[in-house]
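[1] Quick one, structure for this:
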Amino acid sequence: MMHTCKQYGMSYPKGIDYDGFDLWLSEYLNELSDTELVVIMRKIGLPVDFGLDEWNGIFIIQSGFDKEISDRLTKALNILKIDDSRIYCSSVEKTGTTLGESFVKIIKKSLKEAKLVICVLSENSIKSQYCLQEMGAAMILDKTILPILIGIEPDLMPGFMDNTRYIAADIETERGAKAFLEMVRKVMNMESNSALIAKGAQRLLLD
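    This next block holds a predicted model:
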C-alpha cells in the first residue's frame, strides 16, 4: 500500500490498515480535481476519456524522432502551469497514448477536442505521413495552429501550411521563444506572467 501511494504521488494515510485502504483510496480519489485525477490515471496506465467540452488542451504534432524537442516543449508548457493532463504529445510518455488504448482513436479524439495545435516542423515531421495527416486534420477542424520551425527554412513548410498561410515561430532565440510562449498564453486564456514566460523560454531554447 505504501509503495502504491509513493508510486502514484499520493501521501500514505496514517492509521489506515489493509482492510480500510480501499475505502480511503475511493474517498481520496473523489476529492481530487479533474486535472489531478487525470495525472494519476495516466501514471497507472488507465485510458483517459475526455468529454467534448472538458479538455480544451494542447495537441502537439511532431515526429517521434524529435522526442528531445517534444520533451523541452512539454516542460516549458509545464512552467507556464499547463500541466500534463492538458497536453497530448504521443512521443512523451506522460502525455501520450498509454498501453491498452487505441492509438488512432485517442489521437482523433484529442485533436478534435484540442484548443490549440502546435506543429513541430522539422525534416522528420514533414516526411512523416502521420504528421502530415494530423496537420491536415487540424486545418479541416479549423483549429488554432502554431507552427514551430526546427532546422528547416520557411520555404520547406508543407504546401498546405506554408509561410503564405502561417507565420512559424522561431524558438531557437530567446526573443522568439518568449513570443511563442506568449502566444500560447493568449490562446489558452491564461493570465500574463513575464517571469514564467522568461523561465519557460530558457527551458525551451535549444542547445
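[2] where exactly do the helices run in this structure?
    2-7, 18-30, 34-44, 67-79, 103-113, 129-140, 174-187, 194-204 (DSSP state H).
[3] Confirm for me that residue 161 is in contact with residue 134.
    No: judged on C-beta atoms under 8 Å, residue 161 makes no contact with residue 134 at a distance of 11.2 Å. C-betas here are computed from N, CA, C, even on glycine.
[4] can you list the domains in this structure?
    Domains of the chain are assigned by automatic domain parsing as 2-44, 58-204.
[5] Mean pLDDT lowest where, among the ones you listed?
    Lowest mean pLDDT of the domains of the chain: domain 2-44, a mean of 60.
[6] Spatially nearest residue to residue 163, not counting backbone neighbours?
    residue 154 (4.0 Å; C-beta to C-beta, 6 or more residues apart in numbering).
[7] so who does the one you found touch?
    162-163, 168 (C-beta atoms under 8 Å, 6 or more residues apart in numbering).
[8] 10 Å instead, please
    Contact analysis of residue 154 by C-beta atoms under 10 Å, 6 or more residues apart in numbering lists 121, 147, 162-164, 166-168, 170.
[9] Which pair in the residues you listed has the greatest spatial separation?
    Pairwise distances across the contacts of residue 154 (C-beta to C-beta) peak at 17.5 Å, for the pair 164 and 170.
[10] The two: which has the busier surroundings?
    More crowded of residue 164 and residue 170, by other C-beta atoms under 10 Å: residue 170, with 15 against 9.
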